[in-house]
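Student: Build me a structure from this.
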Amino acid sequence: MNGPEIVPIALPTPFRVGPVNVFLVKSTPLTLIDAGVNTGEAFEALRAAFKREALALSDLEVVLLTHTHIDHVGLLGRLRACADFTVYAHPDATHHRLNLEDNHDVAHRFALEIMREFGTPPDVIEKASAEQQTFRDYAADAAVDRGADEGQTVGPYTVCHVPGHSARDILFVNPRQRAAFTGDHVLATMTPNPLLRRPSPGQPRTRSLVQYRNSLRKTHALDLDVCYPGHGDPIRDHRAVIDSLFKRMDSRSARILALLGRQPLSVYEVARGLFPRADVTQMYLQLSAAVGHLELLEEEGRVTPQYRDGVLCFRTV
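Tutor: Numbering: from 1, shown residues only. Below you'll find the predicted structure:
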């Protein structure tokens, strides 16, 4: 594969997901794909990786963000103190700084409200809420310079919007190299979780898993030799990985139907049935997975929602 050298750099994170990948593209301009998590350990690991390539952080000219989750944008603020570079991300990310306190507060209030709506007990909400509040310590105090629109070219890359795992997921596709930087959209070592997202004012909440499956079909059709993901090794057969993701989703949906039987269950009850041994501090992730599959089954006409005493439940049709 001809083209600029791509240097994978695995940066440590304090999260259960383990290391996160960023990619140094030794090109003109010198480019970094994603920016890790905001810790001193990750920053020094990135600096050391640049040094191994006979480069300094001050040489950096462009940063491309596959999405704006904290383990992919965290070091932007520290890097701004070292270099003058341009950050490209989804256009919606240009509307605010990535670490504004009001963004965190609004997101936290939404998480509390949705956990209550899904029937989560107060003690579990308290534990999950405390865990979620710790994430703000790792976010980036930085801004996005330019939006990357669908179909736009940024250097050699064509921008492909693939919402699902987050609302702002982007593939940066190099058609000549038949390669793409895919962030957390396609992962071989784990199943990406299309997270619950607060809706825009006056809009219904996005059905994240339904949206994610549509985006995966779009990615499946791309003619690629290699994908560089946010976690794990490069993917050499993205279609096989996506097919495997679809099978795992279908298997989880079948488990949910078996859990429901003929009895309505709250989203929380379904989540506990799916993940009986999972740590309840991760309840927001578990609820995201559960409601995503319930909404997918609803789209297929196999379950229907109903409210019991203000709690969202589902039953089989």
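Student: any idea which helix or strand comes after the worst-scoring helix or strand of the chain on mean pLDDT?
Tutor: One helix or strand of the chain scores below all others by mean pLDDT, DSSP states H and E: helix 101-117, with a mean of 82. Following helix 101-117 in sequence order, the next helix or strand is helix 122-133 (DSSP states H and E).
Student: And for that next one, what's in contact with it?
Tutor: 108, 111, 112, 115, 116, 120, 268, 280, 281, 282, 283, 284 (CB atoms under 8 Å, 6 or more residues apart in numbering). From N, CA and C alone the C-beta is placed, and that goes for glycine too.
Student: what about residue 288, distance to residue 164?
Tutor: Distance of residue 288 to residue 164, given as CB to CB, to the nearest Å: 11 Å.
Student: right, and residue 20 touches residue 9 too?
Tutor: No. With contacts counted by CB atoms under 8 Å, residue 20 stays clear of residue 9, the gap being 9.5 Å.
Student: With neighbour numbers in mind, choose between those two.
Tutor: Higher neighbour count among residue 20 and residue 9: residue 20, with 25 against 22, using other CB atoms under 10 Å.
Student: Report all helices and strands that the helix or strand in which residue 160 is found contacts.
Tutor: With secondary structure defined by DSSP H and E, residue 160 is part of strand 157-161. On a contact count with 3 or more CB pairs under 8 Å, 6 or more residues apart in numbering; DSSP states H and E, strand 157-161 meets strand 170-174.
Student: Which residues outside the next helix or strand after the strand it packs on are in contact with it?
Tutor: Downstream of strand 170-174, the first helix or strand assigned by DSSP H and E is strand 179-183. Under the contact criterion CB under 8 Å, 6+ apart, strand 179-183 has outside partners 1, 3, 6, 23, 33-34, 64, 66-67, 72, 157, 160, 165, 169-174, 219, 222, 224-230, 235, 238.
Student: so strand 179-183 versus strand 157-161, what angle?
Tutor: Using axes from the mean of the first three to the mean of the last three CA atoms, to 10 degrees, one finds that strand 179-183 and strand 157-161 are set 40 degrees apart in direction.
Student: rewinding a little: which neighbours do residue 288 and residue 164 have in common?
Tutor: 194, 208.
Student: With neighbour numbers in mind, choose between those two.
Tutor: Higher neighbour count among residue 288 and residue 164: residue 164, with 26 against 21, using other CB under 10 Å.
Student: okay, now the residue nearest to the more buried one when sequence neighbours are not counted: neighbour count?
Tutor: Leaving aside its chain neighbours, residue 164 sits nearest to residue 212 (2.6 Å; criterion: CB to CB, 6 or more residues apart in numbering). Burial of residue 212 is recorded as 26 neighbouring residues (other CB under 10 Å).
Student: In contact with residue 212: list those residues for me.
Tutor: 163, 164, 165, 192, 194, 292.
Student: Let's verify residue 23: helix, strand, or coil?
Tutor: Secondary structure for residue 23, judged by DSSP: H, G, I helix; E, B strand; the rest coil, is strand.
Student: circling back: between the contacts of residue 212, which sits nearest residue 138?
Tutor: Nearest to residue 138 among the contacts of residue 212, counting by CB to CB, is residue 165 at 18.2 Å.
Student: Need the buried ones from the contacts of helix 122-133 selected in PyMOL.
Tutor: Of those, the buried ones go into a single PyMOL selection, burial set by 16 or more other CB atoms under 10 Å:
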select buried, resi 111+112+115+120+268+280+281+282+283+284
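Student: Can you lay out the contacts of helix 122-133 as CSV showing distance to residue 252?
Tutor: Below are the contacts of helix 122-133 laid out as CSV (distance: CB to CB, whole Å):
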residue, distance to residue 252
108, 27
111, 22
112, 26
115, 20
116, 24
120, 20
268, 16
280, 19
281, 21
282, 16
283, 17
284, 17
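Student: Which pair in the contacts of helix 122-133 has the greatest spatial separation?
Tutor: 108 and 268, at 18.5 Å, using CB to CB across those.
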